[in-house]
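Asks: mind folding the following:
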Amino acid sequence: MIGLRILQRRRAVDLALARQFLDVPVANVSDCMARMTAAGARLRPMHRSARMAGPALTIKTRPGDNLMIHKALQLAVPGDIIVVDGGGDLTNALIGEIMTGDAMRQKLGGIVINGAIRDADWIAERDFPVFAAGVTHRGPYKDGPGEINVPIAIDGMVIEPGDLVIGDGDGLLCVPFDQVETLLAAARAKQEVEARMVADIEAGTLDRAWVDATLTRLNCFIER
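Replies: Take a look at the predicted model:
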């Protein structure tokens, strides 16, 4: 039944490959994706400090209900990122200390909630990655419906089961399964370029000739 089903995940990014993204800023990967992909600025890190990278285990649930998230915790394997599309609703929290603690015990890679969490102080004291859109003390219902391992979308960012999901202080990003290796190489190259720019800034030799060249190309008037 559409809207009430649990599917098998047919593929997932290799965990060892995924974890190589822990050393790559999300912003660099985003730049290499033409800055066209994002999960929206509302989804923020709720934990103390840690980067996140791993294969997505996707859940789509009606706002305020976490039945399928409980089921997903039974299905998840170490390193998985539980990614929940709860419609962005902040009326009821979908997870809190108990479910987050269970995910930590299972050595999952993190939790993403397009919705609200609770027990925010407890989560904020830990390094286990939790990203969410907001906080409320009101708890969830457990009646369904919902779906596991189906494509979901958060603010236009489509996430397929097994895609790579990464996150840091700048937010979240999904890297499609077939593009992971290509984007890892591109993002590392971007890091090297930026490292040279930082060195040039420190040395006072950063070349900004491109700024005037761009303004000239745009026919910008500059008063002399």
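Asks: by contact count, what packs against the longest helix belonging to the chain?
Replies: Secondary structure of the chain per DSSP state H: the longest helix is helix 180-203. If contacts are counted by 3 or more CB pairs under 8 Å, 6 or more residues apart in numbering; DSSP states H and E, helix 180-203 sits against helix 15-19, helix 26-32. In this view, the C-beta of every residue, glycine as well, is placed from N, C-alpha and C.
Asks: tell me the centre residue of the chain?
Replies: Geometric centre of the chain, nearest residue: residue 172, 2.9 Å, by CA atoms, centre = their mean.
Asks: give me the pLDDT value at that residue.
Replies: At residue 172, the pLDDT value in this model is 96.
Asks: just residue 40 next, same as before
Replies: 86.
Asks: let me see the contact set for it.
Replies: 154-157, 171 (CB atoms under 8 Å, 6 or more residues apart in numbering).
Asks: what ranges do the strands span in the protein?
Replies: For the chain, the strands defined by DSSP state E occupy 4-6, 44-45, 52-61, 81-85, 93-95, 110-117, 130-135, 146-148, 152-154, 157-159, 164-168, 171-175.
Asks: which strands border the first one, and is each parallel or antiparallel?
Replies: Strands flanking strand 4-6 in the sheet, each with its direction: strand 146-148 (parallel) (DSSP bridges).
Asks: how about the shortest one?
Replies: Strand 44-45 has these partner strands in its sheet, going by DSSP bridges: strand 130-135 (antiparallel).
Asks: and what of the third one?
Replies: Applying DSSP bridges to the sheet, strand 52-61 is found paired with strand 81-85 (parallel), strand 146-148 (antiparallel), strand 164-168 (antiparallel).
Asks: now render those as TSV, adding mean pLDDT, mean neighbour count and distance to residue 8.
Replies: Below are those laid out as TSV (pLDDT from 0 to 100; neighbours: other CB atoms under 10 Å; distance: least, CB to CB, whole Å):
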stretch	mean pLDDT	mean neighbour count	distance to residue 8
strand 81-85	98	26	16
strand 146-148	98	23	9
strand 164-168	98	27	19
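Asks: turn the ones you listed into TSV, including distance to residue 96.
Replies: Shown next, in TSV, are the strands paired with strand 52-61 (distance: least, CB to CB, whole Å):
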stretch	distance to residue 96
strand 81-85	13
strand 146-148	18
strand 164-168	19
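Asks: residue 65 is nearest to which of those strands?
Replies: Among the strands paired with strand 52-61, strand 146-148 comes nearest to residue 65, with 6.6 Å by CB to CB.
Asks: run the chain-centre distance for the closest one.
Replies: Distance of strand 146-148 from its chain centroid, counting by CA atoms, centre = their mean, to the nearest Å, is 19 Å.
Asks: can you check stretch 168-175 too?
Replies: The answer for stretch 168-175 is 4 Å, by CA atoms, centre = their mean.
Asks: got the buried residues for it?
Replies: 168, 171-175 (16 or more other CB atoms under 10 Å).
Asks: repeat that for stretch 71-89.
Replies: Applying 16+ other CB under 10 Å to stretch 71-89 flags 72-73, 75-76, 79-89 as buried.
Asks: and it, how far apart are its ends?
Replies: Taking CA to CA, to the nearest Å, stretch 71-89 runs 20 Å from one end to the other.
Asks: ok so, going back, what's the closest of the contacts of residue 40 to residue 53?
Replies: residue 171 (13.5 Å).
Asks: so that closest one bridges to which residues?
Replies: Bridge pairing for residue 171 - DSSP bridges - gives residue 168.
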